[in-house]
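[1] coordinates for the following, if possible.
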Amino acid sequence: MSFKNNCGKTKENNDISKHKLDSKEEKLNHIVENLTENLTDTTPSDAVESFFEHKSYKGETQRGYESSLGYFVDWCELSEIEYMSDVDTDDIRRYRKWRRETAPSKVERLSPSSINTQMKRLRVFIKHCEDMKFVSGGVHQIINTSIDNDDEVRDEWVGSDEAEAMLDYLSKYNYASAEHVACRILCYTGMRLGSMHSIDVTDIKLIKGKNAIHLEHRPEEGTTLKNGTDGERYVFITQTTHQILSDYIDENRHDVTDDYAREPLLTTQRGRCAKSTLRSYIYKCTQPCMIGQDCPLGRDPESCDAAGKNSKAHECPEASSSHPLRKGYITRLLKKNQSMDMISARCDVSSKMIEKHYDMRSPREEMIGRCSQVKDVMSDF
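    Next comes the predicted model:
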C-alpha cells in the first residue's frame, strides 16, 4: 500500500513540476513578447542619428563609426529591414558575411582584423539601440559569437523541396495552426513578415471569384508596410491556402482584438502576434528535426538546446528566418518564367532588387528561362 502511495505522490510531484515548467515557459514567452511590443519603430538611419547624438566621438573615431554604420544602413535597405526592431541575431550573421565579402570596394574580402573592427563598432551601436528600446535586449551579445562562427554564416534561401516538405509536415501534424498559417502565407505569397503581421481577418477577400489578401499600410494603428501606401495591394491566394486560413480562423484562432479594436489574423491569447513571435514560428518550423527529418549536423533533438524551443530556435544553424522563404518564393517564380513585372507587383520589390538580391537561379536555369521567352516571341512571327 505504501508503495502505491509513493507512486501516486511521485506522479503528483511530476505533474506539479511539469506545470511549473510550463508556467515558467509561458511567463518567459510573455515577457519576450511584451518587450518586443514595447519597442519603438525606429528606422536604421534614425537609429544611427540617435547614436551620434548620444556619443561625443571626434576625428578618426567619429569617421570610423560613420563609415561602419553607413554600411549597416545600406545593408538594411538592401535586406528590406524597415525598423531596427526587425533586426535579430540571424540578421547580424548575414550582415557580417555581406560586409566581409560583398561590400568591400578596394579588396576582394576584408581581413579578419578589419571585420572584427567593423563588428565591434556595430556591437556598440546595437547596445545603444537596446538601451533606447529600438532593438530587443540581448541582440548585441551575439555579435562576438558571430565573429567566431564563420562557418554558420550562409547566403541562404529555401528551395521548393524544402518548403513543400515543411508544409506537408505541418499539414499532416499541425494543420491550421498559427505556425502552419504563417509558413503557408510566406511560402505561397512571398510577402514580408511585416506585411503578414499587418493582416486582419477582414483582409481576407473574395474578388470576382478569386481569393486574395488585402495588404494595407496603417501606421496610426500599429501596423506598417515597408513601402508605405505604395506597398498596398491585393495578393491572390490559392483555394488551398484560403481553406487553411478559414479552418484556422474557425478552429484555432484566439478570438481577440488588438489595441485598436481590429481583429488580427494571427493571434495569441493577448492579441496580435508580435513580430518576434512570428519569427520564432519560422525558425522552429524550418528546423529539419521539427518536420520529421534527421539533423544534418548529427545532433540529438532530445539533448539539443535549440530543437523545438521557440526562444532558442534561432540558434539552430539549420533554421531559417523569413527572408530565405521570400527569396525562395521569388526564385521559384523566376524558374517558372513568370514576368519580372508580375513578380515585382506581387512581392512589392523592384526588378533591380530582384536581379541583384533575389534571383538564386543557376546560369543554366537562367538560360532555360531565356530560351522559353525567345520561343514565345518567335511564335508571334
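[2] please count neighbours and contacts with C-alpha atoms only from this point.
    Will do.
[3] ramachandran angles for the residue nearest the centre of the chain?
    Closest residue to the average C-alpha location of the chain: Ser322 at 3.1 Å, with CA atoms, centre = their mean. When quoted as degrees, to the nearest 10, the phi and psi of Ser322 stand at phi -70, psi -30.
[4] any idea how far it is from Ala182?
    10 Å (CA to CA, to the nearest Å).
[5] what do those two both touch?
    Residues touching both Ser322 and Ala182 by CA atoms under 8 Å, 6 or more residues apart in numbering: Ile282.
[6] my guess is the residue nearest to the centre of the chain meets Arg192, correct?
    Yes. Contact between Ser322 and Arg192 holds when scored by CA atoms under 8 Å: they sit 7.5 Å apart.
[7] shared neighbours of these two, which are they?
    Common contact partners of Ser322 and Arg192 (CA under 8 Å, 6+ apart): Leu186.
[8] run through the bridge partners of Tyr234.
    With DSSP bridges applied, Tyr234 shows beta-bridge pairing to His214.
[9] just the pLDDT for it.
    Tyr234 carries a pLDDT value of 97.
[10] kindly report the same for Val158.
    For Val158, the pLDDT comes out at 87.
[11] quick one: low-confidence parts of this protein?
    By pLDDT under 70, the weakly predicted segments of the chain are 1-37, 105-108, 144-156, 310, 370, 372-381.
[12] how is it carved up into domains?
    The chain breaks down into these domains under automatic domain parsing: 44-152, 160-322.
[13] what about the shortest one, distance to the chain center?
    What it means is domain 44-152. For domain 44-152, the separation from the chain centroid amounts to 18 Å (computed by CA atoms, centre = their mean, to the nearest Å).
[14] next one: stretch 274-289
    Relative to its chain's centre, stretch 274-289 lies at 8 Å (CA atoms, centre = their mean).
[15] buried set for it?
    In terms of neighbour count (16 or more other CA atoms under 10 Å), stretch 274-289 has its buried residues at 274-289.
[16] taking those residues one by one, which sit in strands?
    Using DSSP state E, no member of the buried residues of stretch 274-289 sits in strands.
[17] on that earlier part again, mind putting the domains of the chain in CSV, distance to Glu366 included?
    As requested, those are exported to CSV (distance: least, CA to CA, whole Å):
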stretch, distance to Glu366
domain 44-152, 22
domain 160-322, 17
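[18] nearest to Lys352, of those domains?
    In terms of CA to CA, the element of the domains of the chain nearest to Lys352 is domain 44-152, at 10.9 Å.
[19] quick check: buried residues in stretch 241-248?
    241-242, 244-246, 248.
[20] I meant stretch 189-208, not that one.
    189-200, 203-205.
[21] do stretch 299-307 as well
    For stretch 299-307, by 16+ other CA under 10 Å, it's 306-307.
[22] give me the distance between the two termini of that stretch.
    Note: stretch 299-307 ends 9 Å apart using CA to CA.
[23] what residues does it touch?
    284, 287, 289-290, 295, 312-316.
[24] also stretch 39-54?
    69, 73, 76, 82-85, 125, 128-129, 133-136.
[25] now do 6 Å
    73, 82-84, 133-134 (CA atoms under 6 Å, 6 or more residues apart in numbering).
[26] and what of stretch 228-247?
    Taking CA under 6 Å, 6+ apart as the rule, stretch 228-247 contacts 176, 211-217, 348.
[27] looking at neighbours, which among these is most surrounded?
    Scoring those on neighbours with other CA atoms under 10 Å, the highest-scoring entry is Ala176 at 25 neighbours.
[28] about what we covered before: closest to Arg262 among the contacts of stretch 228-247?
    For these, the nearest to Arg262 is Glu216 (13.0 Å; CA to CA).
[29] skipping adjacent residues, who's closest to Tyr281 in space?
    Closest residue to Tyr281 apart from its sequence neighbours, by CA to CA, 6 or more residues apart in numbering: Glu179 at 5.5 Å.
[30] typo on my end, it should be His314
    Using CA to CA, 6+ apart and skipping the chain neighbours, the partner closest in space to His314 is Tyr283 (5.5 Å).
[31] didn't that neighbour look like it was pressed against Ser320?
    Yes. If you go by CA atoms under 6 Å, Tyr283 and Ser320 touch, sitting 5.4 Å apart.
[32] would CSV of the buried residues of stretch 241-248 with distance to Asp41 be doable?
    Formatted as CSV, those follow (distance: CA to CA, whole Å):
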residue, distance to Asp41
Thr241, 31
His242, 31
Ile244, 31
Leu245, 28
Ser246, 31
Tyr248, 29
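[33] which of those residues fall in helices?
    Judged by DSSP state H, helices contain the following of the buried residues of stretch 241-248: 241-242, 244-246, 248.
[34] widest-spaced pair of those residues?
    Once CA to CA is applied, these give Thr241 and Tyr248 as the farthest pair, at 10.7 Å.
[35] number of residues surrounding the residue nearest to Thr268 when sequence neighbours are not counted?
    Excluding its sequence neighbours, the residue lying closest to Thr268 (CA to CA, 6+ apart) is His254, at 6.1 Å. Residues within reach of His254, counting by other CA under 10 Å, total 20.
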